[in-house]
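[1] What follows is a predicted structure for the sequence shown.
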Amino acid sequence: MGVRKITVCHKRNDCIGCGSCVLYAPKQWFMNQEDGKSDLLGAEWKGDQFKVSKIDESDLDNNKKAAAACPVGIIRVD
């Protein structure tokens, strides 16, 4: 039985660059030096609104904390 993967969605265009996601889940999140917004490591665009990535179940709690801390509510963890 493999490791369960969790989907993380980021509505990147609405990011305000506060960095709370990086604070809570630095393994998956980083600040983009070009525009000051956060990026989700390994994420790919899904349409023109969302960047989506798969994370290991072991990183679920930190990413849930990142989503809860986001002041504009643009991170979803499924």
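    Received it, and whenever you're ready, just let me know what you need. Numbering: from 1, shown residues only.
[2] Ramachandran coordinates for the closest residue to Asp78 other than its chain neighbours?
    Nearest residue to Asp78 in three dimensions, chain neighbours excluded: Thr7, at 4.6 Å (CB to CB, 6 or more residues apart in numbering). (Glycine included, C-beta is placed from N, CA and C.) Main-chain torsions, Thr7, degrees, to the nearest 10: phi -90, psi 130.
[3] Using PDB, write out every CA atom in the longest helix along the chain.
    Scanning the chain for the helix with the most residues, using DSSP state H, yields helix 60-69. The C-alpha trace of helix 60-69 is given here as PDB (Å, rounded to 0.1, in the frame of the first residue of the first chain):
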ATOM      1  CA  LEU A  60      -1.000  17.400   5.700                       C
ATOM      2  CA  ASP A  61      -1.100  19.000   9.200                       C
ATOM      3  CA  ASN A  62       1.400  21.800   8.300                       C
ATOM      4  CA  ASN A  63      -0.500  22.600   5.100                       C
ATOM      5  CA  LYS A  64      -3.800  22.700   6.900                       C
ATOM      6  CA  LYS A  65      -2.200  25.200   9.300                       C
ATOM      7  CA  ALA A  66      -0.900  27.200   6.300                       C
ATOM      8  CA  ALA A  67      -4.400  27.200   4.800                       C
ATOM      9  CA  ALA A  68      -6.000  28.300   8.000                       C
ATOM     10  CA  ALA A  69      -3.400  31.100   8.500                       C
END
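[4] which residues make contact with it from outside it?
    6, 8, 20-21, 23-25, 27-29, 55, 75-77 (CB atoms under 8 Å, 6 or more residues apart in numbering).
[5] Looking at those, which are in strands?
    Among these, the subset assigned to strands under DSSP state E consists of Ile6, Val8, Trp29, Ile55, Ile75, Arg76, Val77.
[6] For the residues you listed, pick the one with the most neighbours.
    The residue in the ones in strands among the contacts of helix 60-69 with the most neighbours, by other CB atoms under 10 Å, is Val8 (29 neighbours).
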